[in-house]
Structures are given as structure tokens and as C-alpha cells.
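Colleague: Have a look; sequence and predicted model below, questions after that.
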Amino acid sequence: ETSNRPVNYQLMITAPGYTTYNETLVQAPKPGKSNIIRGTLTVLPPAKTGTLSLAVSPPGGEVIVDGISSGFIDQSGIHVLRDITAGYRNIQITLAGYKDWFERVYVEPNMNTKIRVTLTPITTGSLQVSSEPSSANVLLNGAPMGITPVTIPDLPAGPVQIQLTLPGYQDWNGETSVMIGQTVPVFGTLIPIVIETPKPVNTTPEATPTPEPTQSPLLIGTVIGALGGVALIRKKR
């Protein structure tokens with residue numbers, strides 16, 4: 001065989017700190033021969049970095065950069081991130097009892113980017129309402145809030161009245177308390193409405209009562225007259 005056999009291979013050459021070399025090979029080497037391929041890799045420029053300084057009130061929270069924790073803020077409230085890659089960074093600060101803080105921050109190369117953060121206290125809570133069966137209407141203090149299962153966020157702390165309604169079932173009523181910074185579960189079991197089956201009507205005709213015999217007035221008079229005659233005869237004797 002004297003000709004090169006057609007092929008379709010993807011060649012990739014990589015090295016840390018260099019660009020990646022890619023080439024598509026379309027012919028195999030001749031039998032007993034080798035192909036020499038030369039790829040040139042270019043040195044990547046050094047990554048530009050900067051410094052990010054966070055002044056956070058209150059202190060003690062955790063700082064998360066691009067989804068990776070970078071430590072906790074000490075009591076000074078100052079948290080400095082040095083040699084952070086320049087460009088846009090996703091910054092998150094979390095602290096119990098406070099709402100999470102999110103910001104997409106641009107870090108200037110070779111500069112100190114300063115951010116001041118004031119965390120907002122959590123003053124509300126949530127309810128997680130479910131039922132058996134599901135798809136029940138949820139009313140919170142009389143206001144509709146969706147169908148089960150449903151999570152109701154940002155509710156002021158304190159007692160609330162909950163009602164679950166579903167066609168064919170008795171209404172479910174309950175009371176709970178919303179807790180600051182917490183999600184309180186609520187579960188209601190709905191009872192089916194039982195419809196009584198009407199009793200069958202008795203269609204058998206009732207027996208006609210037999211009338212009692214009545215005595216004739218003439219017969220009564222005859223008997224009274226006979227008795228009077230007997231009494232008269234006894235008196236004459």
C-alpha cells in the first residue's frame with residue numbers, strides 16, 4: 001500500500017500556563033512510516049489580580065466568593081481578600097438572623113476595591129403548608145395563598161389562622177405561629193364528606209283493617225224492653 005489511509009482524528013496538546021493546540025488529522029501515515037506533527041503553544045499572560053476589602057456590619061458572617069468560602073469576618077468587621085483574580089466576582093455574605101447579602105463585584109486589577117456592607121435583620125418567617133390529599137386551597141387569616149403543597153415566605157412573626165378547603169371534603173382549620181427566620185411546617189388531613197344514601201320507600205300495600213261489628217239500635221231497644229218485662233213480672237209476685 002503506497003497511499004495514506006483517510007482518517008478523522010482530533011489532536012489536542014495542552015500544558016499549564018500555555019494556550020491549547022488543536023488539529024484535525026485526516027490521513028494516517030503510510031505503512032511503516034510516522035507522521036511528525038509540530039504544535040506551537042503560546043505562553044498565557046499572567047492573570048491580573050486585585051484586592052477586595054469588605055467592611056461588614058455586624059461582623060461574624062461568612063464570606064463566599066464564587067461559591068467557595070473565603071473565611072469568616074472577625075470582630076473588626078473588616079475582611080480583606082488579596083490576590084483575587086480581577087474581573088467580576090460573585091460575593092455572598094451569610095450570618096444567622098440576617099438576610100444573605102449577594103453582590104456581583106468588579107475587582108479592579110492591581111487596585112484595592114472597597115465595599116461597605118450592612119446586613120439586614122430577618123424579621124419574618126415562612127410557612128410550609130401541605131395536606132392529605134394535596135391540591136387543597138390555602139387561606140391564611142382568610143386570604144388565599146395558593147394550593148398545597150405551598151411555601152408562604154416573608155410572613156410577620158406571630159399567630160396565624162389557617163384554613164384548607166377542597167371540594168368533597170370538610171374544611172380543615174388550624175392555628176400556628178410564624179417564627180422569625182424559620183420555616184414552620186403545617187400539615188392538615190382532610191376528611192371526606194359522607195353523603196347518606198336515602199332509605200328505600202316501602203311499596204308493599206298495608207292490610208285494610210277489618211271494621212268491628214256494630215249493634216243495631218232496634219236490637220238494643222228490644223233487649224232493654226225484655227229486661228224491663230222480667231223486672232215487672234218479678235215485682236208482681
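Modeller: Cool, the structure landed.
Colleague: Could you list the domains of this structure?
Modeller: Following automatic domain parsing, one gets these domains for the chain: 1-45, 49-118, 124-189.
Colleague: Least reliable of the ones you listed by average pLDDT, please.
Modeller: Among these, domain 1-45 has the lowest mean pLDDT, at a mean of 78.
Colleague: could you list every residue that touches R104?
Modeller: 88-91 (CB atoms under 8 Å, 6 or more residues apart in numbering). Glycine gets a C-beta too; all of them are placed from N, C-alpha and C.
Colleague: Direction included, what does whichever helix or strand it is part of pair up with?
Modeller: Element membership for R104 (DSSP states H and E) is strand 101-107. Note on strand 101-107: by DSSP bridges, its sheet partners are strand 87-94 (antiparallel).
Colleague: Give the next helix or strand downstream of the strand holding R104.
Modeller: Next helix or strand after strand 101-107 toward the C-terminus (DSSP H and E): strand 112-118.
Colleague: all helices in the chain, in order from the N-terminus.
Modeller: Assigned by DSSP state H, the chain shows helices spanning 217-236.
Colleague: Next, find the distance separating M111 from A55.
Modeller: 16 Å (CB to CB, to the nearest Å).
Colleague: Same list, the domains of the chain, but as TSV with distance to V201 please.
Modeller: Converted to TSV, those look like this (distance: least, CB to CB, whole Å):
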stretch	distance to V201
domain 1-45	87
domain 49-118	68
domain 124-189	28
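Colleague: how far is the strand holding R104 from where the chain is centred?
Modeller: Centroid displacement of strand 101-107 relative to its chain, using CA atoms, centre = their mean, to the nearest Å, is 29 Å.
Colleague: Could you do stretch 40-56 as well?
Modeller: The answer for stretch 40-56 is 41 Å, by CA atoms, centre = their mean.
Colleague: What are the contacting residues of it?
Modeller: 13, 15, 17-21, 63, 73, 77-86, 89, 91, 93, 105, 107-119.
Colleague: Do me a favour and get the end-to-end distance for it?
Modeller: When the termini of stretch 40-56 are compared using CA to CA, to the nearest Å, they are 48 Å apart.
Colleague: Just the buried positions in that stretch, please.
Modeller: Judged by neighbour count (16 or more other CB atoms under 10 Å), stretch 40-56 contains these buried residues: 49-52, 54-56.
Colleague: ok, back up a step: go ahead and build a PyMOL selection from the buried members of the contacts of R104.
Modeller: Here is the PyMOL command that selects the buried residues among the contacts of R104 (16+ other CB under 10 Å):
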select buried, resi 89+91
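Colleague: For ChimeraX, write the select line for the buried members of the contacts of stretch 40-56.
Modeller: The ChimeraX selection below is limited to those of the contacts of stretch 40-56 classed as buried (16+ other CB under 10 Å):
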select :21,63,73,77,79,81,84,86,89,91,93,107,113,115,117,119
